[in-house]
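Asks: model the structure of this input:
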Amino acid sequence: MELFVRTKNMKIISFLGFNNYQETTYVHPSDSGKQSTTPFFQEALIDFFDQDILYIFLTKTVETKLPRGATQSNWEALQDRLKNSKVKLEAVYNVPEGNSPEDSWLIFDKITECLNHGDKVVLDLTHSFRSIPVIALLAISYLRTVRQVTVEGLVYGAFNPNVQGQPTQTYDLLPMLGLLDWIAATDRFVKVGDGVPLAELLKNAIPGTERQHNPAVRPLGSQLDLASKIIGEISQAIALVRPLETLELTVRLEEILNRADDGFDQRAKPFTLIAGQLLEEYGQFALSDSLDSESLSRNLWLQFQMIDWYMKRGQVMQAMTLAGEWLISVVAYRLGSNHLLDSRKQVGFALNNGSAILQKKQPQKSSEFDQAFQALPDYEELSDLRGILSEIRNDLAHVGMNKNPKSAKKLVDLANQIFPRLQSLAENLLISDDSPSVGELPQTI
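Replies: Purely as a prediction, here's the structure:
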């Protein structure tokens, strides 16, 4: 196991090339007015940033060979220019010049060896060679997660040899590094439906310090905050299996996202590409007045869609938790209830009794709905489903801390086996219903 030592070092990783470098005046990327005149951008980096160590990555060519007309290698010349600097100069030798997978991984290893847990780093891409900038960027992005490395800058000195006598602009591309965060957050949403990371990115799109000092951005910040809040609340409701809360929250989603649409383009541009998918993914559950009796069959169908949604994403515990409660709701509905929260305990007893009778056991507690329930044409199927769902849910709830627990694989297999029966129940008992709202229900899922 690798042991990490937490540090607070500020480091720069830079790549030295083989070109004949010309003297120019580099301008600090923040446009602070600070400048540095030098042929080597690394010297400007020392002037611009407060660092402890400057790592110079060197190929064998750069280390040993002389550029045309030069009397020193670029590495030797750079050392001479920096010999009086207080910054520690560290060479990283034998950087591969090829592009094979082995070369790429060797560069990756060399970069990771420079950075410890908690380091701060500025990555200089100015003179990096061929595929090296891509590898370096990916390596440091990876270390942001596994070693909590903080990237303070992603800089590029845009020297143009065809423009003489003009300062050379320096660019900090750090904001583009945030795109990788958007990629990770979007991937999580697409694969498991979790919008919390997206919500966090929206919330932080305008930093608090900027809001404090620039009143003009506050209205936009409030819109982004509202969008972040509703996405986070929906994600939490789905994660904690709160179907009624989910149905009502998603009604507000489209209105809030549309209201903040301009803000996405200005300060959270990557979100504009996922906003439509977010609406499609969550909006399918939208139902205002979810407890209204006229919406009951629609409510039950949408809850079944949520069970399907969980199953497709491998969230078996959530799916089976909701399925058990959904079965009670469906039976209550078929027995004439016009409110989801009425008579649930008594209906649950009736289902338990039906399951016990099927298993040739003695019912534990009678229910006022026993007779009506046992008169339903699908009484045995409903009772059997109740027994299996209870078995799965109890095993999941005990987290394996019971005698003879089922394996995780067995529980998943059982859930997959029972799901088509739940689907058939939903289609037969809801889609075939005569209530006015049923005609609007989808015929397939």
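Asks: can you get me a residue count around residue 69?
Replies: Counted by other C-beta atoms under 10 Å, the residues lying close to residue 69 total 6. C-beta coordinates here come from the backbone N, C-alpha and C atoms, glycine included.
Asks: ugh, typo on my part, it should be residue 255
Replies: Residues near residue 255, counting by other C-beta under 10 Å, number 9.
Asks: contacting residues for residue 39?
Replies: Counting by C-beta atoms under 8 Å, 6 or more residues apart in numbering, residue 39 touches 21-24.
Asks: for the closest residue to it other than its chain neighbours, give its distance to residue 79.
Replies: Residue nearest to residue 39 in three dimensions, not counting chain neighbours: residue 21, with 4.1 Å by C-beta to C-beta, 6 or more residues apart in numbering. Per C-beta to C-beta, to the nearest Å, residue 21 is found 14 Å from residue 79.
Asks: so the two - more neighbours on which side?
Replies: Counting neighbours by other C-beta under 10 Å for residue 21 and for residue 79 shows that residue 21 has the greater number, 20 against 14.
Asks: ok, the more buried one touching residue 40?
Replies: Yes: using C-beta atoms under 8 Å, residue 21 is in contact with residue 40, at 6.1 Å.
Asks: which residues do these two both contact?
Replies: Residues touching both residue 21 and residue 40 (C-beta under 8 Å, 6+ apart) are residue 74.
Asks: listing partners with orientation, what would you give for the helix or strand harbouring residue 54?
Replies: Element membership for residue 54 (DSSP states H and E) is strand 53-57. Applying DSSP bridges to the sheet, strand 53-57 is found paired with strand 10-15 (parallel), strand 88-92 (parallel).
Asks: closest one to residue 61 among those strands?
Replies: strand 10-15 (12.4 Å; C-beta to C-beta).
Asks: which SSE is immediately downstream of the closest one?
Replies: For strand 10-15, the succeeding helix or strand toward the C-terminus, using DSSP H and E, is strand 24-27.
Asks: CA atoms of the following helix or strand past that next one as PDB?
Replies: Using DSSP H and E, the helix or strand that follows strand 24-27 in sequence is strand 35-38. C-alpha atoms of strand 35-38 as PDB (Å, rounded to 0.1, in the frame of the first residue of the first chain):
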ATOM      1  CA  GLN A  35       6.400  41.100 -17.000                       C
ATOM      2  CA  SER A  36       9.500  39.000 -17.500                       C
ATOM      3  CA  THR A  37      12.000  39.300 -20.300                       C
ATOM      4  CA  THR A  38      13.800  36.100 -21.100                       C
END
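Asks: quick one: contacts of strand 35-38?
Replies: 23-28, 43-44, 47-48, 81, 167.
Asks: tell me, how many residues neighbour residue 176?
Replies: 10.
Asks: I'd say it and residue 154 touch.
Replies: Yes: with contact defined as C-beta under 8 Å, residue 176 counts as touching residue 154 (7.2 Å).
Asks: now do the lengthiest strand in the chain against strand 10-15, angle only.
Replies: Assignment by DSSP state E gives strand 150-157 as the longest strand of the chain. Between strand 150-157 and strand 10-15, the angle comes out at 40 degrees (axes from the mean of the first three to the mean of the last three C-alpha atoms, to 10 degrees).
Asks: in strand 150-157, which residues are buried?
Replies: 151-157 (16 or more other C-beta atoms under 10 Å).
Asks: same deal with stretch 289-302?
Replies: 290, 295-302.
Asks: ditto for stretch 308-322
Replies: 308-311, 313, 315-322.
Asks: again with stretch 392-408
Replies: 392-393, 395-396, 406.
Asks: just the buried residues of the contacts of residue 39.
Replies: The buried subset of those (16+ other C-beta under 10 Å) comprises 21, 24.
Asks: relative to residue 238, how far out is residue 393?
Replies: For residue 393, the distance to residue 238 equals 18 Å [C-beta to C-beta].
Asks: what about residue 88, neighbour count?
Replies: Other residues close to residue 88 by other C-beta under 10 Å number 12.
Asks: contacts only, for the closest residue to it other than its chain neighbours.
Replies: Counting by C-beta to C-beta, 6+ apart, residue 53 is the residue found nearest to residue 88 once chain neighbours are left out, at 4.8 Å. Residues near residue 53 by C-beta under 8 Å, 6+ apart: 9, 11-12, 87-90.
Asks: ok, and the helix or strand in the chain with the lowest average confidence?
Replies: helix 261-267 (a mean of 84; mean pLDDT, DSSP states H and E).
Asks: return the alpha-carbon coordinates of that helix using PDB.
Replies: Extracted in PDB, the C-alpha atoms of helix 261-267 (Å, rounded to 0.1, in the frame of the first residue of the first chain):
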ATOM      1  CA  ASP A 261     -30.900  29.100 -19.400                       C
ATOM      2  CA  ASP A 262     -28.900  32.300 -20.200                       C
ATOM      3  CA  GLY A 263     -26.900  31.800 -17.100                       C
ATOM      4  CA  PHE A 264     -25.900  28.300 -18.200                       C
ATOM      5  CA  ASP A 265     -24.500  29.600 -21.400                       C
ATOM      6  CA  GLN A 266     -22.600  32.400 -19.700                       C
ATOM      7  CA  ARG A 267     -21.100  30.700 -16.700                       C
END
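Asks: thank you, goodbye.
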